[in-house]
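Q: Predicted model, plus sequence, below.
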2 protein chains.
Amino acid sequence: MRIDLLLASLLLCLTGAGAFAQSVVSVNSPNRAIRVSVQTAPTGEVTYAVRYKNKPVLEPSGLGFVLSKPKTSLTRFTMTRVDSSRHDDTWKPVWGEVSQIRNHYNELALTLLDKSGSGIGLLVRFRVFDDGVGFRYEFPQQTALNHFVVDDERTQFKLASDHQTFWMPGDYDSNEYLYNTTKLTQVDAVAAADREKDTALKSVIGPNAVQTPLLFKTADGLYISLYEAAVLNYPVMHLQLDKKSLTLTAQLVPDAVGNKAYLQTPAQTPWRTLIISDKATDLLASKLILNLNEPSVIADPSWIKPQKFVGMWWEMHIGKATWEKAGGKHGANTQNVKTYIDFAAKYGFHGVLVEGWNVGWEDWFGNWKEDVFDFVTPYPDYNLDSLTAYAQSKGVRLIMHHETSGSVTNYERRMDAAFQFMNKEGINTVKTGYVGRIIPRGEHHDGQWMVNHYQRVAQKAAQYKIMVDSHESAHPTGLHRTYPNWMASEAARGSEFNNAPTLGITPEHTTILPFTRMLGGPMDFTPGLFRFKLNQFESSRTQEVRTTLAKQLALYITLYSPLQMAADLPENYEKHLDAFQFIRDVPVDWDDTKILAAEPGDYVVVARKAKGAANWYLGAITDENSRALPLTLDFLEPGKSYEAVLYRDAPDADWKTNPDAYVIERKTVTAKSMLTLSLAKGGGCAIQFVRK
Amino acid sequence: MRIDLLLASLLLCLTGAGAFAQSVVSVNSPNRAIRVSVQTAPTGEVTYAVRYKNKPVLEPSGLGFVLSKPKTSLTRFTMTRVDSSRHDDTWKPVWGEVSQIRNHYNELALTLLDKSGSGIGLLVRFRVFDDGVGFRYEFPQQTALNHFVVDDERTQFKLASDHQTFWMPGDYDSNEYLYNTTKLTQVDAVAAADREKDTALKSVIGPNAVQTPLLFKTADGLYISLYEAAVLNYPVMHLQLDKKSLTLTAQLVPDAVGNKAYLQTPAQTPWRTLIISDKATDLLASKLILNLNEPSVIADPSWIKPQKFVGMWWEMHIGKATWEKAGGKHGANTQNVKTYIDFAAKYGFHGVLVEGWNVGWEDWFGNWKEDVFDFVTPYPDYNLDSLTAYAQSKGVRLIMHHETSGSVTNYERRMDAAFQFMNKEGINTVKTGYVGRIIPRGEHHDGQWMVNHYQRVAQKAAQYKIMVDSHESAHPTGLHRTYPNWMASEAARGSEFNNAPTLGITPEHTTILPFTRMLGGPMDFTPGLFRFKLNQFESSRTQEVRTTLAKQLALYITLYSPLQMAADLPENYEKHLDAFQFIRDVPVDWDDTKILAAEPGDYVVVARKAKGAANWYLGAITDENSRALPLTLDFLEPGKSYEAVLYRDAPDADWKTNPDAYVIERKTVTAKSMLTLSLAKGGGCAIQFVRK
């Protein structure tokens, strides 16, 4: 439904003839809490400002572009047209945290004509939701502009004061950092990046450059997430900070020759987004990013199935096995994979991921080598045909692994053959990987060329009815609405960093992820580690998993993904089968989600209702501090009674000293029950509510 | 056959213990005319020098590398081993100018150990033939060197004096220049490039950079061609000239980030080659480049067939039709292609090239656009299925056109589908095109990445039994020995430039090509223009073909290709069917070739014996000067009598004033006959000798 109307809140002060030569145009959110005002200065500069409940969120901030072809600046405009409309409908995702999503906003579209006389026109389209704002630029087809090259986007975000900021260093190739929490003016991205020793590849932009999603908490309790939605055919946006003016300016990722984007009209940028709330829980519940993406392009999504999986992966990280065959510890041998298939079948997992199955791992990393893998040739000790048949007989499926080692030209040439091979082997999920420097050389993981590549993979995989889980890809921006077969991505520091020697995964990391990275889409975090000292196979390994076991369970709820791995080794699960039961039971697709309590960097409590079932699941996690969180269970169906199975930290649990001390407790509860969750340091709690 | 022996000419002065710490090592050609001497200085610098009949060809010239990874210079060495051998055998090309080729050389292989202590070892391998020298570097598999990145190759060529030089500006993306003839010290590449206004894309290196093949004529009558052979997995070599020392240094083509080559041991460079003779005719007859390439990798080459073709191409150049459909003059419509098929069938041509058949031409050029063509979608007015059937019924085949517009990533992703489509349509020859800036952006036509691409096309085409004719590709270096399905390339200024407004094709151009570009392999020059004023369809068009008609015929002999186009329009041929008969008769595969007379920039006379037949064909061309060339026909079989059909310039012919004045004359000749060819200004002569 789409009704065009002049919104009551639209204020226009016309001073020119036939153009809005000096004007303020405003639009409110449907609930009138958020207001966006756009002002055109007499000189032609156009700025926008955002207020929330009459508090400033963004001070007047610039808009515009510099093009390298045609060589021109688009920074001074005549506003030639204002359109407004409102939109309110509800749509159903193929899978997700909720079964339906309301898309409700007021829209303002401003037509701007370049004042320099180039004849170039563009639109800025604002959508103002109750939970935030999205805006993008649109370049209509026009005589004055056909092909064009973006040299710089001049979009600015001028903060009202020096907020507490959750940030990562701006980096063209990696988003696998820990978050830093400082005042905005205390950002030092180079120093932060220098502390990170375990990232395979860093391309740090500079001391004042940060990544999105960027989270602010204001002194008066406002939460603001600055991000982007629907990044297609355009580079990822990083941000350059001017500390004096508290202004962030778009820093697009350059290509091999320094250009940012090659576009042809009609074209548009991604949406630049602000999620704004005075409740941290509402920010986590926002569906703004998804709403700004286009509907699914997959007509029949019946083959797209959320799933849990186990696999051959963590044992390489902790030194039990190797990806490569040379050296005598090759993990992906037929017998070993059989044990994973048996384990998956025994405990009800759908998938078995096998890494290191294909030839090439002896020489795959760090040399910018182009022809590494062919994606169709198993190692000789890996009998894929027989394992496919064996898995099928057991009711599980293998999951394919396509590590590209960053050699994307090589992958693209071989992708059809690789997907055909998967079809032949009856494998319908692929984990892709982009470890290392990109080929085409000079391109970056976050550049337009790679953004287009990820989209091509999603599209081509859909042709072959293949589900995708991409690692080392650009941050997700809600594209799983449009391509629901692109189910998850890594694109952040995931559980594998538990094994990293230097910084690892701090207890707070998983309490920040939902406020940042997770706003863009599901993450293949790979939770479920049950062994906390990682010296099982190599005694010199001092790294530790910095959570309790109960927190590992809770992560299945707090970090949503339709693809969830049970990441640890079968032998580690078999030592804690009672706790493992939660991983077996927990769904990966949901009818409803309630964010019950949350504070970035501190704690997150989420409850979710299983898809098509009456049961609820709850996950609660804390940072390095223990805490008691009182809960009302009013999300449960009133008048019904539930058996709650609590997987909680034992009273003496502590991520440092006693991580695997957990208690499993059963009690009967109703919607009126109160619970106080006691979370250990680095701890958590997972609860299954089974309706009686 | 390969015999290892210490050549009698090997002179070693050993001064070190177990190493050749200060030594001169020499090797002669089998006929002892050419001598290569390698000297190691006490500091470790290794130089080589070349002499021909005891005249200096190259003064002592440097060897070595700078690597960017590992960061080291390989310029000072300890010579740890000297191997020598000789080789003499004969091999048969799949097709070519001759039916068998003798490969006869003395070889010297020097093992050099980096003196800086890196532990890196390499070999320099010299092969000294009677007609020249080839040498290359080899990096054996070794502990000290696995993956490495070449920052610079330091190979030098120090000339003995300031020779007359036939040169083109060094350019990373174009070899479609006219040749300049100056003293070496008078090279001004930037000025020369500035004169060229009609090249789609130029990436000129600098004022003192020139391309190979580079031709020198010395004051005492020596002809020296400096070139390279077997350029695989390595960039093209251009040359930087130091005028003071008369030294040319290798200037490899950089990639998008400035590196030259990514290699992994075992690896080798292309051969750096010198063809040397005191007879210009011998230089043209040299098979040194082919001999330095590897034998064919195509086990069963029976599907590879030299052919002549006509096609839809020149009519776009002269404004009769367009590639694009928009505009109403679309050439590749079903009816028009039918007339070409009918023409081909009527006059015995095997192929019909159709350009502009596929959607995308409305927006294909000049915008660095990635997704231009899909190579499988015909324009709606082009009924390929019906034309394929129609062509088949007439005994001819369509030739496919894959213009990539430089977007090679796009082509590589679609290549399998494109070749499968050709197989389905029964089309087994493809003309590829690379007009415009390369994608991956920042790469160059002559860089390692593109060199690898051209090889991939040859390999993949062979898988699909497809013959390739590549345009805008890097200069050929004899790879048609290894990939005989890569039959021809453009890689120089071809006949299309007859239509270029500024410089066009000078009368001398085709007399220099055989001494330069053609040494590397067949050229799809597309001769056979019968109309010389090109204003047939657009009266404003002032360009002219700067030859006589007889010279157009002679080019079929003087510019060898197994793929030869009859490039003009059917209606232009039908006006001169008597002359057209030569194009119908001339073969494209030969048992033998004799270079009868030649002087670069002046004239070339070549006789060839048809493959498997007794008939000979002769082509003679001149530059802007008329000339009379006396000939003895002693290449004909003694004692036999031949009917010679001479297609010669009429007495009043002149490329400027009377280009289509020709005479066809028949006479009976024998091996003892003498003929004096009278060539008009810009003229030529073609002769068919039919054995009686």
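A: Alright, I've got the coordinates. Keep in mind that this is a model prediction, so the values were computed, not measured. Residues are numbered from 1 along each chain as shown, chains lettered A, B, ... in the order given.

Q: Now for residue A:289: which residues touch it?
A: Residues in contact with residue A:289 (C-beta atoms under 8 Å, 6 or more residues apart in numbering or on different chains) are A:227, A:229, A:273, A:275, A:477-478, A:519-521. C-beta: built from backbone N, CA, C; applies to glycine.

Q: let's see it at 7 Å
A: Residue A:289 makes contact with A:227, A:229, A:273, A:477-478, A:519-520 under the criterion C-beta atoms under 7 Å, 6 or more residues apart in numbering or on different chains.

Q: Specify the helix with the largest residue count in chain A.
A: Scanning chain A for the helix with the most residues, using DSSP state H, yields helix A:408-425.

Q: just to revisit the earlier point, buried ones from the contacts of residue A:289, can you make that a PyMOL selection?
A: Selection of buried members from those for PyMOL, criterion 16 or more other C-beta atoms under 10 Å in any protein chain shown:
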select buried, chain A and resi 227+229+273+477+478+519+520
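
Q: Show me what residue of the stretch 51-200 of chain A gets nearest to chain B.
A: Closest approach between the stretch 51-200 of chain A and chain B, counting by C-beta to the nearest C-beta: residue A:147, at 3.9 Å.

Q: number of nearby residues for the nearest residue to that residue once chain neighbours are set aside?
A: Counting by C-beta to C-beta, 6 or more residues apart in numbering or on different chains, residue B:367 is the residue found nearest to residue A:147 once chain neighbours are left out, at 3.9 Å. Residues near residue B:367, counting by other C-beta atoms under 10 Å in any protein chain shown, number 18.

Q: same check, this time on residue A:112
A: For residue A:112, the neighbour count with other C-beta under 10 Å is 25.

Q: Same check on residue A:146?
A: 14.

Q: Could you do the one 5 residues further on as well?
A: The number of residues packed near residue A:151 is 19, by other C-beta under 10 Å.

Q: pretty sure it contacts residue A:68?
A: Yes - with contacts counted by C-beta atoms under 7 Å, residue A:151 reaches residue A:68, the gap being 3.9 Å.

Q: Need the residues touching each of the two.
A: residue A:259.

Q: And the pLDDT at the residue nearest to residue A:147?
A: We have a pLDDT of 95 for residue B:367.

Q: The one 5 residues further on too?
A: The pLDDT attached to residue B:372 in the predicted structure is 96.

Q: Could you do residue A:12 as well?
A: In this model, residue A:12 is scored at 44, pLDDT.

Q: can you give me the helices for chain A?
A: When assigned using DSSP H, the helices of chain A occupy the ranges A:189-195, A:280-285, A:288-291, A:314-317, A:334-347, A:384-394, A:408-425, A:448-463, A:509-512, A:549-558, A:570-574, A:577-585.

Q: low-scoring stretches of the stretch 551-692 of chain A, by residue?
A: Within the stretch 551-692 of chain A, no range satisfies pLDDT under 70.

Q: ok and the residue in it nearest chain B?
A: In the stretch 551-692 of chain A, the residue that lies nearest chain B is residue A:563 (26.3 Å; C-beta to the nearest C-beta).

Q: For that residue, which non-adjacent residue is closest in space?
A: Nearest to residue A:563 is residue A:488, by C-beta to C-beta, 6+ apart, at 4.6 Å.

Q: That neighbour: what's it in contact with?
A: Contacts of residue A:488 were listed using C-beta under 7 Å, 6+ apart, and they are A:469, A:522-524, A:561-563.

Q: Using a markdown table, please lay out those together with neighbour count.
A: Shown next, in a markdown table, are the contacts of residue A:488 (neighbours: other C-beta atoms under 10 Å in any protein chain shown):
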| residue | neighbour count |
| --- | --- |
| A:469 | 28 |
| A:522 | 24 |
| A:523 | 26 |
| A:524 | 26 |
| A:561 | 23 |
| A:562 | 26 |
| A:563 | 27 |
